[in-house]
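Enquirer: Curious how this folds, go ahead:
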Amino acid sequence: MPHFAADDVSSMQRNQIDFIFSSWLFEAENHPDVFTNKNEDTILAALDEVVNSADSGAHMVHRMPGVIPQLLQSLRNPHFDGTELARKISHDVVMVAEVLHLANSVAYSPGTPIESIDHAILVLGENGLRQLISGVAFRPIINLNSGGFTKKLAPRLWTQSERCAFACHLLAEDSGVDPLDAFLAGLVQNVGLTVSLRVIDKISDGKQPVGSPTFCNALADYGRTLTGNIGREWHFPETVMTAIGEQQVENMLAKLSSAGKILWMGDYLSKLDILARHNRLDADDPKVLEGLSEKEIACLSRLASSEERDWVGATPSGLRTQSQP
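Expert: Numbers count the residues shown, from 1 in each chain. Coordinates of the predicted model:
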């Protein structure tokens with residue numbers, strides 16, 4: 001069993017990072033209260049109705065495009081068939097554009113422009129395609145015109161999701177956990193929280209601030225519940241569903257599955273990276289690395305040295321928009 005620093009990072013450390021991240025997310029560093037105000041209570045009550053409704057909130061996102069499950073299934077096949085994969089991708093114009101864009105990116109530095117799907121697949125290879133396809137499949141699909149909270153917070157959440165996915169993929173190497181499952185878990189964990197922003201935009205009275213620590217903790221719980229509901233609707237792999245569900249268990253790190261521990265640490269490291277980038281903590285402070293293993297310190301270093309488009313599968317052209325369902 002590989003060593004995970006999730007066993008060593010204290011609950012106090014994790015809670016502090018979650019608090020700083022939520023404060024940055026909502027720009028609530030100067031929020032006057034620790035506990036919820038009336039506005040926040042109304043929002044949480046509305047979210048409670050959503051997660052306990054007949055469809056459990058799964059109606060708030062569109063179904064996954066039909067071609068995606070086929071592609072993911074193909075990529076799980078050890079006998080990788082590039083020709084068959086190219087045929088499936090060619091039926092989806094979004095996938096065609098994404099595959100060609102990545103194959104022609106600086107990361108792959110092609111000598112001449114790549115114009116065919118077959119050539120692009122050859123250039124990207126299996127691992128590149130796995131992460132690219134999953135990134136396209138599970139990119140949050142939201143209406144960026146829906147309101148101020150969605151417009152401001154959704155891009156931040158997506159950035160953290162991408163970095164968490166990258167971290168999870170790195171941590172999964174030589175761990176016995178499928179790197180694709182780890183990547184997916186990191187990428188989709190914030191889907192429910194992102195969807196919750198619609199409710200905040202709809203319910204918030206705009207008079208009282210949003211972002212108290214108590215509110216953020218409750219919002220995170222509702223977000224994870226929504227992610228689980230949406231995941232079941234989209235038939236996420238069981239390993240992914242289990243890892244996400246385990247994040248709601250407090251003070252039970254020793255009992256998490258290997259995938260659950262990877263997601264826990266990937267989320268933690270990605271938040272450290274983002275907070276350091278936005279000057280909310282000092283990445284050179286020895287206390288920031290306290291409790292981390294050598295592998296996780298190396299992972300954090302990879303995150304710090306990478307830009308948003310440096311890793312395969314995290315090359316979105318921006319969040320896609322759609323009409324409210």
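
Enquirer: ok, now which ones touch the nearest residue in space to Glu27 that is not next to it in sequence?
Expert: Computed as CB to CB, 6 or more residues apart in numbering, the closest residue to Glu27 that is not its neighbour in sequence is Gly211, at 7.4 Å. Where C-beta positions appear, they are placed from N, C-alpha and C, glycine not excepted. Listed by CB atoms under 8 Å, 6 or more residues apart in numbering, the contact set of Gly211 reads 22-23, 25-28, 31.

Enquirer: mind listing which of the residues you listed are in helices?
Expert: Using DSSP state H, the members of those that fall in helices are 22-23, 25-26.

Enquirer: and of those, the nearest to Gly82?
Expert: Within these, proximity to Gly82 (CB to CB) peaks at Leu25, which comes in at 40.3 Å.

Enquirer: Report the buried residues of stretch 257-270.
Expert: Within stretch 257-270, the residues scored as buried using 16 or more other CB atoms under 10 Å are 258-270.

Enquirer: got the contact list for that stretch?
Expert: 1-2, 4-7, 9, 14, 17, 160, 163-168, 171-172, 175-177, 181-182, 185-186, 189, 239-240, 242-244, 246-247, 253, 256, 296, 299-300, 303.

Enquirer: Got a ChimeraX select line for the buried ones in those?
Expert: Buried residues within these, by 16+ other CB under 10 Å, are selected in ChimeraX with:
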select :4,5,6,9,14,17,160,163,164,165,166,167,168,171,172,175,177,181,182,185,186,189,239,240,242,243,244,246,247,253,256,296,299,300,303
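
Enquirer: if we can go back for a sec, could you dump the ones in helices among the contacts of Gly211 to a markdown table with distance to Phe149, pLDDT and neighbour count?
Expert: A markdown table is the format used below for those (distance: CB to CB, whole Å; pLDDT from 0 to 100; neighbours: other CB atoms under 10 Å):
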| residue | distance to Phe149 | pLDDT | neighbour count |
| --- | --- | --- | --- |
| Ser22 | 13 | 95 | 20 |
| Ser23 | 15 | 94 | 19 |
| Leu25 | 10 | 96 | 19 |
| Phe26 | 8 | 95 | 21 |
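
Enquirer: now those as TSV including distance to Leu153?
Expert: TSV is the format used below for the ones in helices among the contacts of Gly211 (distance: CB to CB, whole Å):
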residue	distance to Leu153
Ser22	10
Ser23	12
Leu25	6
Phe26	7
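
Enquirer: wait, which of these is closest to Lys38?
Expert: Nearest member of those to Lys38, counting by CB to CB, is Phe26, at 17.0 Å.

Enquirer: how near is the nearest residue to the closest one once chain neighbours are set aside to Glu98?
Expert: Nearest-residue entry for Phe26: Gly211, 3.2 Å, with adjacent residues in sequence omitted and distances by CB to CB, 6+ apart. Distance of Gly211 to Glu98, computed by CB to CB, to the nearest Å: 34 Å.

Enquirer: cool, Ile133 as well?
Expert: As defined by CB to CB, Ile133 lies at a distance of 8 Å from Glu98.

Enquirer: Phe215 too?
Expert: Phe215 sits 36 Å away from Glu98, going by CB to CB.

Enquirer: The two: which has the busier surroundings?
Expert: Phe215 (26 against 22; other CB atoms under 10 Å).

Enquirer: How about the secondary structure of the spatially closest residue to the more buried one that is not a sequence neighbour?
Expert: Excluding the flanking residues, the one nearest Phe215 by CB to CB, 6+ apart is Glu40, at 4.2 Å. Following DSSP: H, G, I helix; E, B strand; the rest coil, the label given to Glu40 is helix.

Enquirer: quick one: contacts for Glu40?
Expert: Taking CB under 8 Å, 6+ apart as the test, what Glu40 contacts is 208, 210, 212, 214-215.
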